[in-house]
Every structure is written in structure tokens, then in C-alpha cells.
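J.: Here's my sequence, what's the structure:
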Amino acid sequence: MPQVEQPECPRKSTCFQQSGQKLWTSETIVPQPEQRGGSAKSSSRLAAIFKAETITGCLSPAECQRTSATVPQLFDTRLRAFRRDRAARIGPELFLFERAFGDCLERIALVQRQFRNALLLGCPDPEWPRRLGELAAKVEVVEPGPLFAAKAQAKTIVEDAWMPAQGAYDLVLAVGTLDTTNDLPLALRLIRHGMGEGALFIGAISGGDTLPQLRNAMRAADSMSGGAAPHVHPRVEASALAPLLSEAGFAHPVVDVDRAGASYSSLSRLVADLRGMAATNVLHARPRFVGRAAREAAMRAFSDAGDGGRTVETFETLHFAAWTATRAERALTL
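T.: Below is the predicted model of the structure:
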């Protein structure tokens, strides 16, 4: 287990909610002003597709297929399932997942509401449904990895290619899978489709400042070959996540940032942990082979970034929460 550095304050976080607003878990939270951000191309495409749909509208499977067809397939979803199965076989590394999941449970408990039907999206630990069940009467689980799904008695899905029952859930908790979804706006829209009025959507995804030391090490490796290659996943920036949630039909989106540092004796130890997290490269355009000289350059660069024989790597997690509109809120917008 790597040594996890804790900041002086329990959390280094940046809240993108206005300071004058109420606690983010309140259902009566003051709406944020309209935000713009992320990919303008994605936003305009979604607006065109869903311009005739109200916030409680229904998506058909055919519509889902049409929206996904125009999105570049960055991630190999079959390989992602294989990576999750490998993590399940070797024993998952849960220290970051547990940090995020425990934080989400604490935030849900602050709502002081008994949820009826909850959906857990992503489940590397079969104990998670039981723990979420302390806050909801019924918990359903969906998971991209077949072995993780089998252990949790869950349904195997791909987040942008499934169809939840309309309005079935009043709580959705998603941890650690949406950052490797090809069509994230569509995945969020489908989750919204499965949620009823006044429902809470909460979760955590890997943020844009994750693994800076690994990125630097792989740049050193690329310098040996004379060309750049996509070794590390592109990730959502904190400033883009709230607008994405708003575009998907959620209200009162709030995002904050948690950065955890973990110290490693070598690049090999970091890679071993990433395998246990099912967080190694699943890009379609990933390099198939890294030569010996490039690998040694990466290992040297990673070690040189350290102090006292250990290098501190940063893992950035974006925690988010949003609500679906209530009937009264929808009436105010008419």
C-alpha cells in the first residue's frame, strides 16, 4: 500500500459553488447562473439533438445509437472491461476508490432523507451495495466489468449504451467509471432519464491533474523515440463538469476537487497500483510497445522527480453533485 499524504486540512478542495449559496446537499439550494464550458462542439451537438425534449423527456434506444455514432471512440470499452476483470482477479487496489466512495456516503447522509431506489454505477467492492443500502431502501448495481459485476450480483453495462427505466431512481451514485466513457454527455443524459423528480446524482471521477509525474516520465520516454504517443488518458477538467451536468438536464450542479498524494519507490510500483485500479491505458490509439530505452528513460525521470528515494504522485478526484428538478421548480420555468 503506498503512503498517502494528507494535507493539513482534511481536504484540499475548491468549490465551484457561489459562496452565498446554501449547503450543496440542500434541495432548496440557490441555482447557479448559467455556466458555459467544456467542448463547444459537444454542447451544440447535444442542444441540437435534445432541443425538443423537456427535462423529464424520454430517450429511445434508437436516439442513443444516433447520438453515439458521431462521437470519436477514444476508449476501447472491451479492453476496459478486460482491465477491470484483471483487477478483480489480482485483487483490486481500493485506496482511492474507498476514499471517494466514503466521501460520497458522508455527503448523502447530510441530506437527511431516506431514499427509496438507489443506483450504484461502478462497484469494485462487493460490500459497497450493503453500505449504500444503509441510506436507501433498495440498491441496484450496474458495472462495466463482468467479474466485478458477478461479485456484486450486478448488471454489466456500457454507460453510454444502455437504457435505464425512466424515473426509476431517486439516488444515483457513480464512482470511478464515467471518466473512461466515450460519450460522456450522452451517458449523463441517460442517467438523468433514469431519475425521478427531486432525485440526487452524486459521484466522483478522475480529474485533469491526475498523474503529473507519470505524464512527465512518459514524455521522457517519448523523447527517446522522437515522437509523442497517448500514454495517459485525457480527463475532464473541473471547470467543464458542472456545465456538462447542466446540459444533461441536472439542476444545481456543484463540483469540488480532492487531491491525494501517494509516494512510490519506483515507476513499477505506481504501474502495479494502476493495474489494481483498472486504470492503465485503454485508449484505442495507445502505443502497443514501449522499447527498453524508452522504458528506462521513463523510470529515470520518475525517480529523479522524487526526494529521498520516493516520488509523490498526485491523484485528482472531481466530486460532483446535482439534483433533478422538482415539479414546483419545473413549473417556475414554464
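J.: Could you pull up the mean pLDDT of stretch 123-133?
T.: Across stretch 123-133, pLDDT averages out at 97.
J.: Quick one: end-to-end distance for stretch 110-124.
T.: 24 Å (CA to CA, to the nearest Å).
J.: for this protein, longest helix please?
T.: helix 95-110 (DSSP state H).
J.: Give the pairing partners of the helix or strand hosting S206; include direction for each.
T.: Applying DSSP states H and E as the criterion places S206 in strand 195-206. For strand 195-206, the pairing partners within the sheet under DSSP bridges are strand 169-175 (parallel), strand 311-323 (antiparallel).
J.: who's the residue nearest to A321 when sequence neighbours are not counted bridged to?
T.: Once flanking residues are discounted, A321 sits nearest to I202: 4.5 Å by CB to CB, 6 or more residues apart in numbering. Every C-beta, even on glycine, is put in place using the N, C-alpha and C of the backbone. Counting by DSSP bridges, I202 is bridged to L173, A321.
J.: Check the spacing between I202 and A149 real quick.
T.: 21 Å (CB to CB, to the nearest Å).
J.: what ranges do the strands span in the stretch 101-250 of the chain?
T.: Counting by DSSP state E, counting those that start in this stretch, residue ranges of the strands within the stretch 101-250 of the chain are 115-121, 136-143, 155-156, 169-175, 195-206.
J.: Adjacent strands (with direction) for the shortest one?
T.: When pairing is defined by DSSP bridges, strand 155-156 lines up against strand 136-143 (parallel).
J.: got the angle for the partner strand vs strand 115-121?
T.: Following axes from the mean of the first three to the mean of the last three CA atoms, to 10 degrees, one obtains 20 degrees for the angle between strand 136-143 and strand 115-121.
J.: Just the buried positions in strand 136-143, please.
T.: For strand 136-143, the neighbour count (16 or more other CB atoms under 10 Å) marks 136, 139-143 as buried.
J.: now the farthest one out in the protein, which residue is it?
T.: In the chain, the residue that sits farthest from the middle, by CA atoms, centre = their mean, is A293; the gap is 33.9 Å.
J.: pretty sure that one contacts S223?
T.: No: assessed by CB atoms under 8 Å, A293 is found out of contact with S223, at 10.3 Å.
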